[in-house]
Structures are given as C-alpha cells and as structure tokens.
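Student: below are the sequence and a predicted model for it; my questions follow.
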Amino acid sequence: MDSMLDNLLKTEFISICVRDPRVVKDDLWHTHVDYELCLHTNSMCFRKKTSCVRRRYSEFVWLRHCLEQNALIIELPKLPPWNPFFSLRNTEQVSERMKGMQRFLELVLDVPLLLSDSRLHLFLQSDLSITKITKCALGKTRYTVAEAIQRTSSSCISTLGDKASCDSDCESSSSSGLGLSVDTPLRGSPLHFFESDRDPELFSCLSEPQTPLAAP
C-alpha cells in the first residue's frame, strides 16, 4: 500500500483550467474578453507549482503562431475559430470557447519539446504583455524569465485540478450578465482579426533561438 502511494506521489502531472470570462473595457468604443488560466503541477519544468493569470483569445492566437514557428515538425492543435459576434450573453459560445482553449493548452503541455519554449511559460505564469514576453524570451529585459514568473502574484483555489469544477465555473461565469462584447483583437480593427498580423505586439514571433528556461 505504501509503495503504491509513493508511486502516485511521484507521478508527474500538469493540470490547466480556463475559466471566469470577464469583459475588459479598452476605451469608449472597444472591449475585449479575457479568461483566467489556472495551472497546477508538480512538474520540474515549472518554477511555480500553482499560478493564475488572465489572457485573451488573441493572445492564444499569438502563442500558437510562436510555437508553430519554433517547432516546425510538430502539428499543433487548433484553437476555437474566431467569432466576430462573440458575446458573454451566449452561454454556449462562452462554454465552447473555454473548452477549446483549455483543450489546446492541455495538448500543448503534453509535448515535451514545447515545454522548452520560455514564451509558453511566460504566457502561462506571468502577467507580462505579449511585447514584454517577446523581449524577455530574447534576454532583452532587466529581468529574467524566472524573475518574471516569480514576481507575478496569483491566488489559486484548491480545486485547480478538478475538471468538473472548471466546467461548472465556465457555465456559471458565462451567464454573469456582463453584457455584449465583440471579440476584437489587441488594439486592432474589430472588422477583421487577421489584420493584427501586422501588429508587432501580436505576431513578432522569433526566428532567433529562444533563451532556454533554466532548471529550478
């Protein structure tokens, strides 16, 4: 019995949950929706074993593009399609998007090669913007990847790894009455998401080698 318990304790896991959609007002005319990403792990690949940060859909698109450029031999999972009429009032839309983004992260975190990309770690465990993530990964900031992650404060609940609770969070949060929100890109045009390809904050993915994540 003791040996079985020891084996269970030694089993490595990475649990990720996408939940709590929230409308953020950019200015008088534009809003966007962001989501809480909660990670719980005992993996040696991660410096922090529990963390919660907020990210928006367009940042997921940026992350996928960067990972795709850095790991050409790997076929990356797809994200939920962009919807110009996305609204928090539509519980089905919200639930499907969160499930799709969570599934994307689960599949990405299951690939050891992708876990070596410092931008993935900064995306999941720091509150840096896309621009600062890019600079930090290239070593062009005063702080290291590890310092950026450690200085990010987060409050995670004990049910982080419970998928059922994540699903129920998605359903309850999506009906929170926060109102209509058009799914617009980062500081871009609400008419066409992929116009953001020209925005260096979104798609300045790096052909240069990345700064490796130091061992804990």
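Tutor: Thanks, I have the structure now.
Student: switch to C-alpha atoms for all contacts and neighbour counts from now on
Tutor: Will do.
Student: and the longest helix along the chain, which residues are buried?
Tutor: The single longest helix within the chain, with elements called by DSSP state H, is helix 91-108. Within helix 91-108, the residues that qualify as buried are 91, 94-95, 97-106, 108, counting by 16 or more other C-alpha atoms under 10 Å.
Student: so what secondary structure elements neighbour that helix?
Tutor: strand 14-25, helix 163-174 (3 or more C-alpha pairs under 8 Å, 6 or more residues apart in numbering; DSSP states H and E).
Student: confidence-wise, which of those is weakest overall?
Tutor: Comparing mean pLDDT across those, the lowest value falls on helix 163-174: a mean of 40.
Student: what angle do the longest helix of the chain and strand 14-25 make?
Tutor: Using axes from the mean of the first three to the mean of the last three C-alpha atoms, to 10 degrees, the inter-axis angle of helix 91-108 relative to strand 14-25 is 140 degrees.
Student: what's the first helix or strand after helix 91-108?
Tutor: Beyond helix 91-108 on the C-terminal side, the first helix or strand identified by DSSP states H and E is helix 118-125.
Student: what comes into contact with that next one?
Tutor: Counting by C-alpha atoms under 8 Å, 6 or more residues apart in numbering, the neighbours of helix 118-125 from elsewhere in the structure are 37, 39, 46, 48, 51-53, 63, 114-115, 128, 133-134, 137, 145, 148-149, 152, 210-213.
Student: any of those buried? List them.
Tutor: 37, 39, 46, 48, 51-53, 63, 114-115, 128, 133-134, 137, 145, 148-149, 210-211, 213.
Student: so which of those are in helices?
Tutor: Those of the buried ones among the contacts of helix 118-125 lying in helices (DSSP H): 63, 133-134, 137, 145, 148-149.
Student: could you dump those to a markdown table with pLDDT and distance to Val23?
Tutor: Written out in a markdown table, the entries for these read as follows (pLDDT from 0 to 100; distance: C-alpha to C-alpha, whole Å):
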| residue | pLDDT | distance to Val23 |
| --- | --- | --- |
| Leu63 | 97 | 21 |
| Ile133 | 97 | 23 |
| Thr134 | 96 | 25 |
| Ala137 | 95 | 29 |
| Val145 | 96 | 29 |
| Ala148 | 95 | 25 |
| Ile149 | 95 | 25 |
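Student: can I get these in a markdown table including distance to Ser87?
Tutor: What follows is those, written out as a markdown table (distance: C-alpha to C-alpha, whole Å):
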| residue | distance to Ser87 |
| --- | --- |
| Leu63 | 23 |
| Ile133 | 28 |
| Thr134 | 30 |
| Ala137 | 33 |
| Val145 | 35 |
| Ala148 | 32 |
| Ile149 | 31 |
